[in-house]
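>>> sequence and predicted structure below; questions after.
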Amino acid sequence: MKIAEIRQIPANELAERLDAEVAKYNQMLLNHSVSPLENPSQIKATRRTIARMKTVLREIELNK
């Protein structure tokens, strides 16, 4: 997910999506530790998406 797409999402929905992404990330890590994922770069992409979401939420928080 690109930063421009993330900025268009309302703050309350963004927080919900962030929780979902973190849960997805944790599940991927667990699955990868048991048996290797088909595409391990998904872990890196998900981690970066989480960071982008947290950055936008922090920007919103600071602008209030």
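In hand now; what should we look at? Just so you know, these numbers come straight off a predicted model, no measurement behind them. Residues are numbered from 1 along each chain as shown.

>>> just the pLDDT for Glu16.
Here, the pLDDT recorded for Glu16 equals 97.

>>> packing partners of the helix or strand where it lies?
For Glu16, the host element (DSSP states H and E) is helix 11-34. Counting contacts by 3 or more CB pairs under 8 Å, 6 or more residues apart in numbering; DSSP states H and E, helix 11-34 packs against helix 41-63. Any C-beta I mention is one placed from the backbone N, CA and C, and that applies to glycine too.

>>> rounded mean pLDDT for the helix it packs on, please.
The model assigns helix 41-63 a mean pLDDT of 96.

>>> re the thing from before, okay, the angle between the helix holding Glu16 and helix 41-63?
If you take axes from the mean of the first three to the mean of the last three CA atoms, to 10 degrees, helix 11-34 sits at 150 degrees to helix 41-63.

>>> for helix 11-34, buried residues please.
Across helix 11-34, burial judged by 16 or more other CB atoms under 10 Å covers Leu14, Arg17, Leu18, Glu21, Tyr25, Met28.

>>> was I right about the last one contacting Thr46?
Yes: taking CB atoms under 8 Å as the definition, Met28 is a contact partner of Thr46 at 6.4 Å.

>>> what's His32 in contact with, if anything?
Residues near His32 by CB atoms under 8 Å, 6 or more residues apart in numbering: Pro40, Ile43.
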